[in-house]
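Enquirer: The following block contains a protein sequence and its predicted model.
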Amino acid sequence: MSDYGIVKQTTRQEAIAFRNKKLLASSRGRYRNAVNNYYAYLARNGLPDAIESVREWLATISNPSTYNLSLQALKEFLLKRFENESPERRLELRESLESIRRKRAKEAKTNLEYLNKTQIDTLCQLATPTISMFIQAMFWSGCRVSELVNIKLKDCTVGSSVAIRVVGKGNKEREVYIPRKLYNTITGLFKGTVYLFETKEKRPYRREFITHEITRQAKQKMDIKISAHTLRHSKAMFLKEIQGLSADRIAKALGHSSVVTTLKYYFHGTPTAAEQGIE
C-alpha cells in the first residue's frame with residue numbers, strides 16, 4: 001500500500017490470484033470483483049491505497065455478508081501483494097487488517113417451514129438466474145439437492161412436460177416432472193452436454209454450493225430463513241393443500257420409503273371444526 005516501502009511488490013494482476021490455492025472458482029470470482037470495486041472506489045474519490053482507505057470503502061457496504069466477503073477478499077489480496085516485504089512489515093499489515101472487525105450477520109426475521117407458490121415465484125424473481133433455476137426445479141420435481149445435481153440429460157424425456165428419472169435414497173428409482181418451459185430455460189442457460197445442471201467445467205454442481213446459496217439468497221433477498229430442503233417441503237404442501245393429493249400419492253411423488261414419513265410431516269394436527277364440515 002502507499003505507506004509501505006515496497007522492495008519487490010507483487011503486481012496487482014499477480015496478487016489477484018490470491019494466496020489460497022484451494023479457493024473455488026466461484027470464490028475467486030467474487031474476491032476479484034471485490035478487489036476491483038475497491039480500486040474503483042479509490043479512483044472515484046482520489047484516495048491513496050492505504051488501510052484507512054480500506055476502512056472507508058468497507059464503511060460504504062451495509063449488507064453484512066457483502067461486507068465480510070469484501071473484507072476477506074482484501075485480506076487475501078493485500079497479504080499476497082505484499083508477501084515479499086520483511087517479516088516485520090508483513091506482521092504490521094496483518095495486524096492492521098485483523099483490526100478491522102467482521103460484521104455480525106442479522107438473523108432472518110422469519111423462519112419458514114415451507115413456502116407457498118407466490119413466495120416461490122417471488123424468491124425466483126429476486127435470486128440469481130442460476131439459483132432461480134435450481135429453486136424452480138426443486139419445487140416442481142420435489143427432488144433432494146443431491147438428486148437434482150446428478151440428473152443427466154439422458155434421464156429426461158421431453159413431452160408436453162418433462163419426465164425425469166431420478167435415483168433417490170437406497171438407489172430407488174422414481175419419475176418426477178418439471179414444466180417443459182422450465183426445462184428449455186435450464187438447458188439454454190446451463191448448456192449442459194451430460195448433466196441437466198452443468199458447470200462451465202462440464203461437471204455437476206456441488207450440493208454444498210447450491211444449499212448454501214439458496215439459504216443465503218433467501219435471507220438476503222426476502223429476509224426469510226429457509227434451507228434447500230424447505231423447497232421439498234413446499235412441494236409436498238402444494239400437493240396436499242392445492243392439488244389435494246392423498247398421503248400415499250405424495251409419498252410416491254417425493255420418493256418417501258414409507259407413507260408413514262409423509263403422514264408424520266405433512267398430515268399432522270387435528271382438523272378444525274370447519275374442516276370437519278361443522279359450521
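Expert: Alright, I've got the coordinates.

Enquirer: what's near enough to touch Y205?
Expert: Taking C-beta atoms under 8 Å, 6 or more residues apart in numbering as the contact definition, Y205 lies against F134, V149, F197, E198, T199. C-betas here are computed from N, CA, C, even on glycine.

Enquirer: How about it, nearest residue that isn't a chain neighbour?
Expert: The shortest distance from Y205 to any residue other than its chain neighbours is 4.9 Å, reached at V149 (C-beta to C-beta, 6 or more residues apart in numbering).

Enquirer: and the gap between the one you found and R206?
Expert: According to C-beta to C-beta, to the nearest Å, V149 stands 7 Å off from R206.

Enquirer: quick one: E175 is in a strand?
Expert: Yes - residue assignment for E175, taken from DSSP: H, G, I helix; E, B strand; the rest coil, places it within a strand.

Enquirer: Tell me how far it lies from G142.
Expert: Plainly put, E175 is 11 Å away from G142 if you go by C-beta to C-beta.

Enquirer: Strands of the stretch 1-150 of the chain, residue ranges please.
Expert: When secondary structure is read from DSSP state E, counting those that start in this stretch, the stretch 1-150 of the chain shows strands at 110-111.

Enquirer: how about low-confidence regions in the chain?
Expert: 1-26, 105-111, 261, 263-273, 275-279 (pLDDT under 70).

Enquirer: how would you label V166: helix, strand or coil?
Expert: The three-state assignment at V166 reads strand, by three-state DSSP.

Enquirer: Could you find the closest non-adjacent residue to it?
Expert: In space, not counting the residues next to it along the chain, V166 is nearest to E147; the distance is 4.7 Å by C-beta to C-beta, 6+ apart.

Enquirer: returning to what we had before: between V149 and R206, tell me which one has more neighbours.
Expert: The residue with more neighbours, out of V149 and R206, is V149; 21 against 14, by other C-beta atoms under 10 Å.

Enquirer: follow-up on the earlier one: residues in contact with the residue nearest to Y205?
Expert: Residues counted as contacts of V149 (C-beta under 8 Å, 6+ apart) are Y195, F197, P204, Y205, R206, R207, I210.

Enquirer: Then S132?
Expert: L123, C124, Q125.

Enquirer: give me the number of residues near the first one?
Expert: When you say that, I think you mean L123. As a burial measure, the neighbour count of L123 was computed by other C-beta under 10 Å and equals 23.

Enquirer: What residues does it make contact with?
Expert: By C-beta under 8 Å, 6+ apart, L123 lies in contact with L115, S132, I135, Q217, A218, K221, M222.

Enquirer: What about the residues you listed, which one has the most neighbours?
Expert: Highest neighbour count within the contacts of L123, by other C-beta under 10 Å: A218, with 27 neighbours.

Enquirer: wait, isn't it in contact with I226?
Expert: Yes - in terms of C-beta atoms under 8 Å, A218 counts as a neighbour of I226; the distance is 4.9 Å.

Enquirer: State the three-state secondary structure for the spatially most central residue of the chain.
Expert: Among the residues of the chain, E213 comes closest to the average C-alpha position under C-alpha atoms, centre = their mean, at 1.0 Å. Using three-state DSSP, the secondary structure recorded for E213 is helix.

Enquirer: To what extent is the residue lying closest to it once chain neighbours are set aside buried, counted in neighbours?
Expert: On the basis of C-beta to C-beta, 6+ apart, the spatially nearest residue to E213 that is not a chain neighbour turns out to be I131, at 5.1 Å. The number of residues packed near I131 is 20, by other C-beta under 10 Å.

Enquirer: that older thread, give me the more crowded residue out of E175 and G142.
Expert: When neighbours are counted by other C-beta under 10 Å, G142 comes out ahead of the other of E175 and G142, with 26 against 14.

Enquirer: what about H256, which helix or strand?
Expert: H256 is part of no helix or strand when elements are defined by DSSP states H and E.

Enquirer: any idea how far it lies from I242?
Expert: Looking at H256 against I242, where the rule is C-beta to C-beta, the gap reads 19 Å.

Enquirer: Between these two, tell me which one has more neighbours.
Expert: A direct count of neighbours by other C-beta under 10 Å for H256 and I242 places H256 higher, at 22 against 10.

Enquirer: these two touch, right, that one and R249?
Expert: No - counting by C-beta under 8 Å, no contact exists between H256 and R249, whose distance comes to 10.9 Å.
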